[in-house]
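Asker: my questions concern the predicted model and sequence given below.
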Amino acid sequence: MRPDLAGVPGVLGEIARQRALEVAPYPLPEPEPVPSFREALLLPGLSVIAEVKRASPSEGAIRDMDPVEAAQAYARGGARAVSVLTEPHRFGGSLEDLKRVRQGVALPLLRKDFVVDPFMLQEARAHGASAALLIVALLGELTGAYLEEARRLGLEALVEVHTERELEVALEAGAEILGINNRDLATLRIDLATAPRLGRLARARGFQGVLVAESGYSSREELKPLEGLFDAVLIGTSFMRSPDLEEALRALVG
């Protein structure tokens, strides 16, 4: 049950095809109980999913910081959940980072990677993730099957879209946590109008689940269009570039 990645364009396609080559099932530890990602994001106000990442394709090297120290700073600053990059080549992450962060904080964790094989969902759950990222631009019509597999494993899913067509696929698949990415993953360009536009469209089409805005946010002013519409925002680069992660989070969300 793998998606056909041959036609996925740009940087997204390059990363996904490389990840697909690297999947090799191996024995996993028995999963332990984890806190609910969804419930954390539904707490009052705009919840912050703060991201731990060392690098990205758009920014290059960002910060070489211990992921546990970063996650603990985010927890002190009021993050409701932590996103941990586990893609090694462009983002400098690993499953070991996820495992260590799980041991270091009590918050729900999102495994942020390019899931192109069901075994990656098993890995996420076994290494302490509450949720995994499912990118509709990669999974296409298999999105529903991956959602079903995640639920079978006791794993929540942040289903990510960037276009109206991808939104339709996510809604048809039964997504309960919908991430709208301002960044076009093929070209890496950001348009902060994307999340509000598609968020309003999702609500107009009857979506009553959790809405998450992703990518490009660095000031409180930029968060204003999300208020009253979105439940959460995922922020990584602007935090990781700040000398004090805890203070950066407090300054952004108040």
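Answerer: The structure has been received and is ready for your questions. Numbering: from 1, shown residues only.
Asker: when you work out contacts or count neighbours from here on, use the C-alpha atoms and nothing else.
Answerer: Will do.
Asker: next, residue 24: phi, psi?
Answerer: Note on residue 24: backbone dihedrals following degrees, to the nearest 10 are phi -140, psi 100.
Asker: pull the number of nearby residues for it.
Answerer: For residue 24, the count of nearby residues is 9 (other Cα atoms under 10 Å).
Asker: give me the pLDDT for it.
Answerer: Per-residue confidence (pLDDT) for residue 24: 95.
Asker: what about it, distance to residue 95?
Answerer: For residue 24, the distance to residue 95 equals 14 Å [Cα to Cα, to the nearest Å].
Asker: go on, residue 118?
Answerer: Distance, residue 118 to residue 95, by Cα to Cα: 16 Å.
Asker: the two: which is more packed in?
Answerer: Counted by other Cα under 10 Å, residue 118 and residue 95 do not tie: residue 95 has more neighbours, with 20 against 17.
Asker: test my guess that the more buried one contacts residue 101.
Answerer: No - with contacts defined as Cα atoms under 8 Å, residue 95 does not count as touching residue 101, sitting 9.9 Å away.
Asker: mind listing the strands for the stretch 151-254 of the chain?
Answerer: Listed in chain order, the strands of the stretch 151-254 of the chain (DSSP state E, counting those that start in this stretch) span residues 156-161, 177-181, 210-214, 232-235.
Asker: JSON lines for those, including distance to residue 9 and mean neighbour count?
Answerer: JSON lines is the format used below for those (distance: least, Cα to Cα, whole Å; neighbours: other Cα atoms under 10 Å):
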{"stretch": "strand 156-161", "distance to residue 9": "15", "mean neighbour count": "26"}
{"stretch": "strand 177-181", "distance to residue 9": "17", "mean neighbour count": "26"}
{"stretch": "strand 210-214", "distance to residue 9": "20", "mean neighbour count": "25"}
{"stretch": "strand 232-235", "distance to residue 9": "24", "mean neighbour count": "22"}
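Asker: buried set for stretch 234-249?
Answerer: For stretch 234-249, the neighbour count (16 or more other Cα atoms under 10 Å) marks 234, 235, 236, 237, 238, 239, 240, 245, 246, 247, 248, 249 as buried.
Asker: show me the contacts for the nearest residue to residue 210 once chain neighbours are set aside.
Answerer: Using Cα to Cα, 6 or more residues apart in numbering and skipping residues adjacent in sequence, the residue nearest residue 210 is residue 177, 4.6 Å away. Neighbouring residues of residue 177 by Cα atoms under 8 Å, 6 or more residues apart in numbering: 38, 157, 158, 159, 209, 210, 211, 212.
Asker: ok, of those, which one's closest to residue 198?
Answerer: residue 211 (10.1 Å; Cα to Cα).
Asker: for the closest one, list each beta-bridge partner.
Answerer: Counting by DSSP bridges, residue 211 is bridged to residue 178.
Asker: mind listing what it touches?
Answerer: By Cα under 8 Å, 6+ apart, the residues touching residue 211 are 177, 178, 179, 180, 199, 229, 230, 231, 232.
Asker: the last one and residue 47, how far apart?
Answerer: Applying Cα to Cα, one obtains 4 Å for the distance of residue 232 from residue 47.
Asker: which residues are common contacts for those two?
Answerer: With contacts defined as Cα under 8 Å, 6+ apart, the residues shared by residue 232 and residue 47 are residue 41.
Asker: make a markdown table out of the buried residues of stretch 234-249 and add pLDDT and distance to residue 58.
Answerer: Converted to a markdown table, those look like this (pLDDT from 0 to 100; distance: Cα to Cα, whole Å):
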| residue | pLDDT | distance to residue 58 |
| --- | --- | --- |
| 234 | 98 | 17 |
| 235 | 97 | 15 |
| 236 | 93 | 12 |
| 237 | 92 | 10 |
| 238 | 93 | 13 |
| 239 | 94 | 15 |
| 240 | 93 | 14 |
| 245 | 96 | 21 |
| 246 | 96 | 24 |
| 247 | 96 | 25 |
| 248 | 95 | 21 |
| 249 | 95 | 22 |
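Asker: thanks a lot, catch you later.
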